[in-house]
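A.B. asks: below is the structure, and that's it, no one-letter string:
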Ligand SMILES: [Zn+2]
């Protein structure tokens, strides 16, 4: 849910950016090779979330919905367990 | 730059390389994981925590099938995640990377990221199969691994800035090397003793390293090829000129 809202905010910023770009096409021509910040933010968010899910979660993400119980079940840890070992992350 | 195209090819190349990683791991790393978990099961029987019954094995096998599916899913997630980092760095550095084609440039970058984010951290905190780690030390081990990876990655980024500014390029490499050697000796070792058969340990570590190396190669080839074909940065240029 939080992610979804985050994504909508990103989309809105992107639309805003596009509108600003259209009215300032000259600046765009100058900075044409630059990497759009909004894309970097979106990609960086995917990077952090993915690393956390596969490499580090011990029940944290599901505890948002299921509370303390999630730390005992460690559903994501168990599901990503084999990759966690194989990719070199600390596990058990 | 076409933002949606840019994001799409990066996510796609990461996800595809991640699925390849999952498949390679299923083929070559899983046998070692199964052996290691087999030892854990024997320990559970010996300590009386579990009983060696047909029900135990039925549950165990269905659980392992689920976890092996998880290996593939986690491959896609980890691949997408590392792929986005790779894509970000590639977008910023592709003009200064050596090589004529995008694939060659991407391979040079992936070699650097494979070394700094995987091989060097592995040298200090190598991958271990199940049964080695003590659950009590997991937070410490995770912190150490993350810290080492971050120091190595950010250090490489920092010395890359030095590399761009100075004439004697070798200084940047030496600087990074000195920093990492110092970090290697300053940071505490993995606190858990490794008390398993060395054949199992070595087999696991070698196959695990093959898997991650395949990932870094594949992600570079796919992103390089897609970038070459779709040129997400040139589209915008033509549009606004
Ligand atoms: Zn484990």
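C.D. replies: Structure received. Every value quoted in this text rests on a predicted model; they were computed, and no experiment measured them. Residues are numbered from 1 along each chain as shown, chains lettered A, B, ... in the order given.
A.B. asks: what about residue B:147, neighbour count?
C.D. replies: Applying other C-beta atoms under 10 Å in any protein chain shown, we find 14 residues neighbouring residue B:147. C-beta here means a position set from N, CA and C on the backbone, and glycine is covered the same way.
A.B. asks: check what pLDDT it gets.
C.D. replies: pLDDT recorded at residue B:147 is 98.
A.B. asks: quick check: it touching residue B:188?
C.D. replies: No: contact criterion C-beta atoms under 8 Å: residue B:147 and residue B:188 do not qualify, at 10.4 Å.
A.B. asks: now the element after the worst-scoring helix or strand of chain A on mean pLDDT, going C-ward?
C.D. replies: Across the helices and strands of chain A, mean pLDDT, DSSP states H and E gives its lowest value to helix A:25-30, namely a mean of 43. Using DSSP states H and E, the next helix or strand after helix A:25-30 towards the C-terminus is helix A:37-51.
A.B. asks: return the list of helices and strands in contact with the helix or strand following that next one.
C.D. replies: Downstream of helix A:37-51, the next assigned helix or strand under DSSP H and E is helix A:60-66. Secondary-structure packing of helix A:60-66 (3 or more C-beta pairs under 8 Å, 6 or more residues apart in numbering or on different chains; DSSP states H and E): helix A:69-73, helix A:75-79.
A.B. asks: mind giving me the packing neighbours of the first one?
C.D. replies: Contacting helix A:69-73 under the criterion 3+ C-beta pairs under 8 Å, 6+ apart are the following elements: helix A:60-66.
A.B. asks: return the set of buried residues in the helix it packs on.
C.D. replies: Judged by neighbour count (16 or more other C-beta atoms under 10 Å in any protein chain shown), helix A:60-66 contains these buried residues: A:62-63.
A.B. asks: what's the neighbour count on residue 81?
C.D. replies: You didn't say which chain, so I picked chain A. By other C-beta under 10 Å, 23 other residues sit near residue A:81.
A.B. asks: chain B is the one I meant
C.D. replies: Residue B:81 is flanked by 25 other residues according to other C-beta under 10 Å.
A.B. asks: is the helix or strand where it lies in proximity to chain A?
C.D. replies: Secondary structure assignment for residue B:81, by DSSP H and E: helix B:54-93. Yes: Helix B:54-93 reaches chain A (C-beta under 8 Å from any C-beta of the partner chain) through B:66-68, B:70-71, B:73-75, B:77-78, B:80-82, B:84-85, B:87-88, B:91-92.
A.B. asks: for that helix, packing partners?
C.D. replies: Against helix B:54-93 (3+ C-beta pairs under 8 Å, 6+ apart) you get helix A:37-51, helix A:75-79, helix A:81-86, helix B:3-28, helix B:30-47, helix B:102-114, helix B:198-230.
A.B. asks: need the winner for burial among those.
C.D. replies: Greatest average neighbour count among those goes to helix A:81-86 (a mean of 27), per mean count of other C-beta atoms under 10 Å in any protein chain shown.
A.B. asks: show me the contact partners of it.
C.D. replies: Helix A:81-86 is contacted from outside by A:54-55, A:77, A:91, B:21-22, B:25, B:29-30, B:33, B:67-68, B:70-71, B:74-75, B:78, B:127-130, B:204, B:207-208, B:211-212, using C-beta atoms under 8 Å, 6 or more residues apart in numbering or on different chains.
A.B. asks: could I get the contacting residues of residue A:35?
C.D. replies: Taking C-beta under 8 Å, 6+ apart as the test, what residue A:35 contacts is B:1, B:6, B:88, B:91-92.
A.B. asks: quick one on the thing from earlier: of all the helices and strands packed on helix B:54-93, which lies closest to the ion?
C.D. replies: helix A:81-86 (5.2 Å; C-beta to the ion).
A.B. asks: which secondary structure element contains the closest residue to residue B:108 other than its chain neighbours?
C.D. replies: Nearest non-adjacent residue to residue B:108, counting by C-beta to C-beta, 6 or more residues apart in numbering or on different chains: residue B:97, 5.2 Å away. Under the criterion DSSP H and E, no helix or strand holds residue B:97.
A.B. asks: my guess is residue B:225 contacts residue B:105. True?
C.D. replies: No: the criterion here is C-beta under 8 Å, and residue B:225 misses it with residue B:105 at 11.6 Å.
A.B. asks: next, count neighbours for residue A:54.
C.D. replies: 29.
A.B. asks: need the contact list for it.
C.D. replies: With C-beta under 8 Å, 6+ apart, residue A:54 has these contacts: A:80, A:83-84, A:87, A:89, B:74, B:77-78, B:81.
A.B. asks: residue B:43 now?
C.D. replies: residue B:131.
A.B. asks: how about residue B:228?
C.D. replies: Residue B:228 neighbours (C-beta under 8 Å, 6+ apart): B:101-103.
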